[in-house]
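Colleague: Got a predicted model here, sequence first, then my questions.
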Amino acid sequence: MTVDLQTYAEQNQVRFFLFNFTDLFGVQRAKLVPASAVGEMQESGAGFAGFAAWLDMTPAHPDMFVIPDPDSVIQLPWKSEVAWVAGDPWMNGEPVAQAPRNVLKRLRDSSGSHRMMAGVEPEFHLIDPDASGISDPRDTQEKPCYDQSALMRRYDVISEICSTMDGLGWEPYQNDHEDANGQFEINWAYSECLTTADRLAFFKFMVKEIAQAHGLRATFMPKPFSTITGNGCHVHISLVENGKNLFADDADEMGLSQTCYHFLGGLLGHAQGLAAITNPTVNSYKRLNAPRTVSGATWSPNTASYGGNNRTHMVRIPDAGRIELRLADGAANPYLLMAGILAAGSDGMAKETDPGKRLDIDMYSEPHKARGVRKLPLNLLDALRALEKDRILCNAMGAEFTTAYLKLKHEDWNSYARHLTDWEREHTLDC
């Protein structure tokens, strides 16, 4: 039964609602709606000017109304008088086709009776408030992953985030210090892909808010520091229909069904264009194509390949009945991330795409042993061009979305290309 937000406010002493939507660049936008007005606005939505966000609109466009999805409502544990609710942008009585949450909902609803289940592993750094460096001056180990002392020095922050998630019913099950200095990861139970996307959007908001309350700054930037590991956002994927895992098959050596292998084939086949969605910033490709870090490995893929329980590939098979896509980074838009995976994988299933032979090699040290494996894009421009050429992926994501996304992202690239760096001056001034 759909949640009535007016009743929810009365029962939970909520005074305000954040009517939230996520734009094409992954920026969360919101209006603060008083509980006294939420009854009417649950139906009509909160009004926004789409041009004022990262959407491909002009000041001449009419009002865009964000209709809240009441089933996504979350009362802020650190500010209980406020509740957050994800919403869907509408204009002229129709869903805005380029809006990321609408893109995911359309793909999900058109995929038949099965549902994509997803769990995410979002990594983040805790840095100084002025972004000058790692906030813990003692976190300097060459191999800091799982460092117990460094984890416990940030116990107050990490435990508050985890306890908050526990209170929300997300079933968090582990917290760890990751491979980079100042880097952490918190894992929680998988869900249907739209729910996971909503939770990932809220998670990024929550982590930043709690870190700030502790005098720190949290960043999900893909590569905030040049010599240490960047922030990935790995996605574990399966398909379920009537309670049955369609990716599982006990007869297979790896415990995967032919449906799963076809889905995997779609991910590999569309990897170049998909990267424009899963790795959406200029900085993203500093993580994908980084030299070896001080810890010894970047932990990010460099080719469109898959292996068994092997973290050097784009796709890993960690267990029977599921696969892990290791391509995405912390800048990925939660909704477009899920939509891109679903679009690519669904095409693989429809065409029964063969992913090829599993590569049981170290792709960092033995890439020469992999025949015919394609490299991932070297930069954002290459990825955008690959997406433009991938008509199947573009059509699946929707013409209005891809036109808007490619236009704004090309403008983003051009802004970067116009920027003159110190490196250029140092290496070219006296040429």
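Modeller: Looks like it came in fine.
Colleague: Which residue is the nearest non-sequential neighbour of Cys145?
Modeller: Excluding the flanking residues, the one nearest Cys145 by C-beta to C-beta, 6 or more residues apart in numbering is Asp179, at 4.3 Å. Just so you know, the C-beta spots here come from the backbone N, C-alpha and C atoms, and that holds for glycine as well.
Colleague: buried residues in stretch 31-38?
Modeller: Across stretch 31-38, burial judged by 16 or more other C-beta atoms under 10 Å covers 31, 33, 35, 38.
Colleague: Of the residues you listed, just say which sits nearest to Met57.
Modeller: Within those, proximity to Met57 (C-beta to C-beta) peaks at Lys31, which comes in at 17.1 Å.
Colleague: Tell me which helix or strand the closest one sits in.
Modeller: Per DSSP states H and E, Lys31 falls inside strand 28-34.
Colleague: again, but for Lys204
Modeller: Here Lys204 is assigned to helix 193-213, by DSSP H and E.
Colleague: can you state the direction angle for the strand holding Lys31 and helix 193-213?
Modeller: 80 degrees (axes from the mean of the first three to the mean of the last three C-alpha atoms, to 10 degrees).
Colleague: Closest to Phe203 out of the buried residues of stretch 31-38?
Modeller: Nearest to Phe203 among the buried residues of stretch 31-38 is Lys31, at 21.1 Å by C-beta to C-beta.
Colleague: and the two most separated of the buried residues of stretch 31-38?
Modeller: Taking C-beta to C-beta, no two of these sit farther apart than Lys31 and Ala35, at 13.5 Å.
Colleague: Please work out the average pLDDT along the strand holding Lys31.
Modeller: For strand 28-34, the mean pLDDT works out to 98.
Colleague: Same check on stretch 360-372?
Modeller: Averaging pLDDT along stretch 360-372 gives 89.
Colleague: And it, what's buried?
Modeller: 361, 363-364, 367, 370.
Colleague: gap between that stretch and the chain center?
Modeller: Put simply, stretch 360-372 sits 27 Å off its chain's centre (C-alpha atoms, centre = their mean, to the nearest Å).
Colleague: Using CSV, write out the CA atom coordinates for that stretch.
Modeller: The C-alpha trace of stretch 360-372 is given here as CSV (Å, rounded to 0.1, in the frame of the first residue of the first chain):
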residue,chain,number,x,y,z
ASP,A,360,41.9,-17.0,-15.8
ILE,A,361,44.9,-14.7,-16.0
ASP,A,362,46.1,-11.6,-14.2
MET,A,363,45.1,-8.8,-16.5
TYR,A,364,47.5,-6.4,-14.8
SER,A,365,50.7,-8.5,-15.4
GLU,A,366,49.6,-10.8,-18.3
PRO,A,367,47.4,-8.7,-20.7
HIS,A,368,49.5,-10.0,-23.6
LYS,A,369,48.0,-13.4,-23.1
ALA,A,370,44.4,-12.2,-23.8
ARG,A,371,43.6,-12.4,-27.5
GLY,A,372,41.0,-10.1,-29.0
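Colleague: got the contact list for it?
Modeller: Stretch 360-372 is contacted from outside by 292, 297-298, 301-303, 305, 307-308, 310, 312-313, 356, 359, 373, using C-beta atoms under 8 Å, 6 or more residues apart in numbering.
Colleague: Where do the domain boundaries of the chain fall?
Modeller: The chain is divided into the following domains under automatic domain parsing: 12-96, 107-421.
Colleague: so where is this structure shaky, pLDDT-wise?
Modeller: Counting by pLDDT under 70, the ranges of the chain that qualify are 1.
Colleague: Who are the packing partners of the longest strand seen in it?
Modeller: Longest strand in the chain, counting residues (DSSP state E): strand 115-127. Strand 115-127 makes packing contacts with strand 183-188, strand 191-192, helix 193-213, strand 217-219, strand 233-241, helix 334-351 when contacts are defined by 3 or more C-beta pairs under 8 Å, 6 or more residues apart in numbering; DSSP states H and E.
Colleague: Using a markdown table, lay out the ones you listed together with mean neighbour count and distance to Phe25.
Modeller: As requested, the helices and strands packed on strand 115-127 are exported to a markdown table (neighbours: other C-beta atoms under 10 Å; distance: least, C-beta to C-beta, whole Å):
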| stretch | mean neighbour count | distance to Phe25 |
| --- | --- | --- |
| strand 183-188 | 22 | 23 |
| strand 191-192 | 16 | 25 |
| helix 193-213 | 21 | 13 |
| strand 217-219 | 19 | 16 |
| strand 233-241 | 21 | 16 |
| helix 334-351 | 25 | 10 |
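Colleague: Quick one, which of the ones you listed gets closest to Glu10.
Modeller: Proximity to Glu10, assessed across the helices and strands packed on strand 115-127 by C-beta to C-beta, is greatest for helix 193-213 (22.6 Å).
Colleague: Against which helices or strands is that closest one packed?
Modeller: Contact here means 3+ C-beta pairs under 8 Å, 6+ apart; on that basis helix 193-213 packs against strand 28-34, strand 82-91, helix 100-109, strand 115-127, helix 155-167, strand 217-219, helix 334-351.
Colleague: Using a markdown table, lay out these together with distance to Phe205.
Modeller: Below are those laid out as a markdown table (distance: least, C-beta to C-beta, whole Å):
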| stretch | distance to Phe205 |
| --- | --- |
| strand 28-34 | 6 |
| strand 82-91 | 7 |
| helix 100-109 | 15 |
| strand 115-127 | 12 |
| helix 155-167 | 11 |
| strand 217-219 | 10 |
| helix 334-351 | 11 |
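Colleague: As JSON lines, the helices and strands packed on strand 115-127 with distance to Pro95 would be great.
Modeller: Formatted as JSON lines, these follow (distance: least, C-beta to C-beta, whole Å):
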{"stretch": "strand 183-188", "distance to Pro95": "29"}
{"stretch": "strand 191-192", "distance to Pro95": "19"}
{"stretch": "helix 193-213", "distance to Pro95": "14"}
{"stretch": "strand 217-219", "distance to Pro95": "32"}
{"stretch": "strand 233-241", "distance to Pro95": "25"}
{"stretch": "helix 334-351", "distance to Pro95": "13"}
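Colleague: circling back: for the contacts of stretch 360-372, name the two members farthest from one another.
Modeller: Pairwise distances across the contacts of stretch 360-372 peak at 26.8 Å for Arg292 and Gly356 (criterion: C-beta to C-beta).
Colleague: who has more neighbours, those two?
Modeller: Gly356 (16 against 10; other C-beta atoms under 10 Å).
Colleague: OK, contacts around the more buried one?
Modeller: Contacts for Gly356 (C-beta under 8 Å, 6+ apart) come out as 265, 268, 372.
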